[in-house]
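*Asks:* Quick one: sequence plus predicted model below, questions after.
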Amino acid sequence: MPPLATQQLDSIHAMLGAGQRSLRLERHSLVLWGASFGGLILVSNHLFTADQVPDPTHRALAWLGLMSVVLAAVSLLDWQLTRRVKRARDEFWSFVHRQILKVWWLLLTTGVLGTFATFFYGGAYLIFPLWLVLVGLGLFVHGLFSQPLVEWTGGLLIAFGVCGVLFRLDVQTLQHLAAAAFGLGMPLLAVLLENGQARGSPFVLRSVKLLLWLGVVLAPPLWAQRMADARQPADAPLQTLAEFSRHPLPRQIVLLPAGLEVPVQIDVSGDTFAPGTQTVLPLVLRRPVEVLVDRGQLTGAWRFQGGNWHRDAWPSSLLIPSMRATLQPGTGPRLQVDLLVRMAAHAPS
């Protein structure tokens, strides 16, 4: 085939590729959305907490209002900046671009309402994976009509959210991963994007950029997890529970033996059961647990005997797989509940 004909075919292929990927994801959009998502995740442990707003309904409404105001403000600012940039380039809003924006706003609304629902129906563990998947879907859909690197990055965000739940990462690790993926990953993606090239860079160059993006996003969560594992409480005398009861020290490690019955006080409310003064659920320890006590107060640090220290005193997962009600002539009404409590993200060895 003559060289001229080959050049003409290449030009035709380039025009077809540009027509298929006719959108451009503006860099300021990635920076704005990444900063807003990352900022909300970073302040989530310090703003509208249970200590600051004890009532769950008020806390849910406060977070709903904050997320709505922030995302609405960012949406308006992004719209204005994008319109100004398009006007400067003498471009117009295409039909496909308008539809993708509707999908993006629908995904954000789903994330806000899903976060709001966790205050009433549980599932707070899934908040960060949910946002990773939703934002990843938005970038993936946009990347289908713009640059392949955006599409690949969206797929990675979806994979982060799914794998975080699949491998039972703890909440703190999920938070660090989401904050890095949004706060660092999206602005970095804005830097790595080709400037106005709809066809995009070669496959090898895109792969190198994707590996660089992965390294920048995964480094902070891995470093934070390493620092958390290395930050162990200072050594303290070990006491049994009986010794602690007789002679408590200002600071000590107390060994709770296997088989110890731990009473759990339950506050009951609702339209079916009245609150009782003796609503106590006795739980029995399966294996010995060591807890750190400072001046008579639990510090939240605990470990299985011979294991590593954990600083989160809350269960990593609390599930009620099934609930069955029975009514027998001899015993009367009875409610049988299956309760699955995991204190550590991974099963102890």
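*Replies:* Yep, it's here.
*Asks:* Report pLDDT for the spatially most central residue of the chain.
*Replies:* When the chain is reduced to its mean C-alpha position, the nearest residue by Cα atoms, centre = their mean turns out to be Phe128, at 1.5 Å. Here the pLDDT value assigned to Phe128 is 97.
*Asks:* Only the C-alpha atoms, please, for the host helix or strand of it, written as CSV.
*Replies:* Assigned by DSSP states H and E, Phe128 belongs to helix 127-144. C-alpha atoms of helix 127-144 as CSV (Å, rounded to 0.1, in the frame of the first residue of the first chain):
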residue,chain,number,x,y,z
ILE,A,127,-19.3,4.0,53.9
PHE,A,128,-15.8,4.4,52.5
PRO,A,129,-16.1,1.4,50.1
LEU,A,130,-19.4,2.8,48.9
TRP,A,131,-17.9,6.1,48.0
LEU,A,132,-14.9,4.5,46.3
VAL,A,133,-17.2,2.4,44.1
LEU,A,134,-19.6,5.3,43.3
VAL,A,135,-16.8,7.8,42.4
GLY,A,136,-15.0,5.0,40.5
LEU,A,137,-18.2,4.4,38.5
GLY,A,138,-18.5,8.1,37.7
LEU,A,139,-14.9,8.2,36.4
PHE,A,140,-15.3,5.0,34.5
VAL,A,141,-18.4,6.2,32.7
HIS,A,142,-16.7,9.5,31.9
GLY,A,143,-13.6,7.7,30.7
LEU,A,144,-15.6,5.6,28.2
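*Asks:* Provide the contact partners of it at residue level.
*Replies:* 23, 25, 33, 37, 41, 100, 103-104, 107-108, 110-111, 114-115, 118, 149-162, 164-165, 171, 174-175, 177-178, 181-182 (Cβ atoms under 8 Å, 6 or more residues apart in numbering). Bear in mind the C-beta positions are built from the backbone N, C-alpha and C, glycine included.
*Asks:* cool, stretch 82-100 as well?
*Replies:* Taking Cβ under 8 Å, 6+ apart as the rule, stretch 82-100 contacts 22-23, 26, 28-29, 141-142, 145.
*Asks:* do the same with stretch 42-59
*Replies:* With Cβ under 8 Å, 6+ apart as the test, stretch 42-59 has contacts from 62-63, 66, 119-120, 175, 179, 183.
*Asks:* tell me which residues in it are buried?
*Replies:* Within stretch 42-59, the residues scored as buried using 16 or more other Cβ atoms under 10 Å are 42, 44, 48, 53, 59.
*Asks:* Next, format these as TSV and append secondary structure and distance to Val289.
*Replies:* Below are those laid out as TSV (DSSP: H, G, I helix; E, B strand; the rest coil; distance: Cβ to Cβ, whole Å):
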residue	secondary structure	distance to Val289
Leu42	helix	31
Ser44	coil	28
Phe48	coil	31
Val53	coil	31
Arg59	helix	30
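*Asks:* Pick the one among the residues you listed closest to Leu77.
*Replies:* Using Cβ to Cβ, Leu42 comes nearest to Leu77 of the buried residues of stretch 42-59, at 19.8 Å.
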